[in-house]
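# Structure here, sequence nowhere to be found:
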């Protein structure tokens, strides 16, 4: 017996978090075979299954607002407005850990890194990260009948998977 299941995005609706229908490809194939090796004595059964998925994982990610970035830079450079609940941040001085040099100016490395981080007035952005999944598995079973009271059975099972699912945290 052989089977194949295929799903594409042709009839899919747009995900709530996406502006368009995100690509979706799913293929699942498999086969099973079994029968006697020695009539009424030895039998085998084997199966194989493969699962392939390629899609995009849309979600919202929290990012700082321009006001939050400005407040953090003010805090680092002047020490003013540093009242962040649960976080004590010192003002300017000799503390490169918090992004300032001795003169209270923001660290240029920190500013350059900040330029790569998304900032949005809404405090979040829509993200669509690629997701792939590849799963293969098979099993083989052999049974042997010695007599009415004695049987021997051996089975080997194998499975392997690779996945590149994006990190996700739900609030």
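Noted; the coordinates are in hand. All figures in this text were calculated on a predicted structure; none of them were measured in a lab.
# Tell me the secondary structure of residue 113, please.
Under DSSP: H, G, I helix; E, B strand; the rest coil, residue 113 falls in the helix class.
# where along the protein do the strands fall?
Secondary structure of the chain by DSSP state E: the strands cover 2-8, 24-38, 42-62, 83-84, 87-88, 124-147, 150-163.
# The closest residue in space to residue 151 that isn't next to it in sequence and residue 154: what is the separation?
What sits nearest to residue 151 in space, not counting adjacent residues and going by CB to CB, 6 or more residues apart in numbering, is residue 145, at 5.4 Å. Any C-beta I mention is one placed from the backbone N, CA and C, and that applies to glycine too. Counting by CB to CB, to the nearest Å, the separation of residue 145 from residue 154 is 13 Å.
# So which of the two has more stuff around it?
residue 145 (15 against 9; other CB atoms under 10 Å).
# I figured the more buried one hits residue 37, correct?
No. Using CB atoms under 8 Å, residue 145 is not in contact with residue 37, being 11.4 Å away.
# Can you pull out the residues in contact with stretch 123-137?
Stretch 123-137 is contacted by residues 17-19, 22, 48-65, 68, 118, 157-166 when judged by CB atoms under 8 Å, 6 or more residues apart in numbering.
# And it, how far out from the chain middle?
Distance of stretch 123-137 from its chain centroid, counting by CA atoms, centre = their mean, to the nearest Å, is 5 Å.
# Over to stretch 146-161?
Counting by CA atoms, centre = their mean, stretch 146-161 comes out at 36 Å from the chain centroid.
# Average pLDDT for it, rounded please.
Mean pLDDT, computed over stretch 146-161, is 94.
# Could you list the buried residues of it?
When burial is assessed from 16 or more other CB atoms under 10 Å, stretch 146-161 yields no buried residues.
# again with stretch 35-45
Of the residues in stretch 35-45, residue 43 count as buried by neighbour count, 16+ other CB under 10 Å.
# cool, and stretch 24-34?
24, 30.
# thinking again about what came up before, reformat the strands of the chain as TSV; add distance to residue 106.
Output for the strands of the chain, formatted as TSV (distance: least, CB to CB, whole Å):
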stretch	distance to residue 106
strand 2-8	49
strand 24-38	43
strand 42-62	23
strand 83-84	17
strand 87-88	18
strand 124-147	23
strand 150-163	39
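# ok, of these, where does mean pLDDT dip lowest?
Across the strands of the chain, the lowest-scoring stretch is strand 87-88, with a mean of 49.
# give the contact list for residue 21.
So residue 21 contacts 9, 12, 13, 14, 15 (CB under 8 Å, 6+ apart).
# What's the local residue count around the last one?
Pointing back at residue 15 there. 18.
# Please report how far the closest residue to it other than its chain neighbours lies from residue 24.
Take residue 15 and drop its neighbours on the chain: the residue closest to it by CB to CB, 6+ apart is residue 58, 5.0 Å away. Plainly put, residue 58 is 11 Å away from residue 24 if you go by CB to CB.
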